[in-house]
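**Student:** Pasting a predicted model and its sequence here:
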Amino acid sequence: MTTTFERVRRGYRVLGGVLVLAMIGVLLAGIGLREVLGSPLVWANEISLALFLWIVFIGAGVAFAENARIRFTLGIAVLPAGLRRVVERLATLVGIGLLITFFCVAVKMVWVFRGQRFASIDLPVVLEWAALPVGLALAIWAMARNLIWPQPDAAEWSAEEAPK
């Protein structure tokens, strides 16, 4: 049975893939038009940077959702199992707190840039900044889920357990 979380995670992965393809398309079109026809797309740089920002934050959210983030476990590896679980839970709580703080700052940034537009194309800059709270929302959800129902690290998954 597929949970809501898994469907959302899968949707984020698909969105990330589409954004990567869109960025490649914009960059290739910009290069092709500039080099072949001598007529550059003036908006290609701004749009590709906005797409890159979305790719980074969607990818970060997916990494948290798949429990594939980097950890520094050398210090806690020597602890007894019970204490290790307590320290891991505490680190997860601190991580959730930091992500919530980043989320609040990201929402403020969206608010600050709400009236601005891109210089080369008539689109709101909020489309770029919205990537931060969207990606951070999945990361927060994933960390909270992992706090309640601990997930194995991505490196520990067997082939049949790994997210598709």
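**Tutor:** Structure received.

**Student:** buried set for the helix ranked longest in the chain?
**Tutor:** When the chain is parsed with DSSP state H, its longest helix is helix 81-112. Residues of helix 81-112 classed as buried: 88, 92, 95, 96, 99, 102, 103, 106, 109, 110 (neighbour count, 16 or more other Cβ atoms under 10 Å). C-betas here are computed from N, CA, C, even on glycine.

**Student:** Please state the offset of it from the chain centre?
**Tutor:** From the chain centre to the centre of helix 81-112 is a distance of 15 Å (Cα atoms, centre = their mean, to the nearest Å).

**Student:** Now do the following helix or strand past it: which elements does it pack against?
**Tutor:** Moving toward the C-terminus from helix 81-112, the first helix or strand encountered (DSSP states H and E) is helix 126-129. On a contact count with 3 or more Cβ pairs under 8 Å, 6 or more residues apart in numbering; DSSP states H and E, helix 126-129 meets helix 44-65, helix 81-112.

**Student:** which residues of this protein score low on pLDDT?
**Tutor:** Applying pLDDT under 70 to the chain picks out residues 1-2, 72, 152-164.
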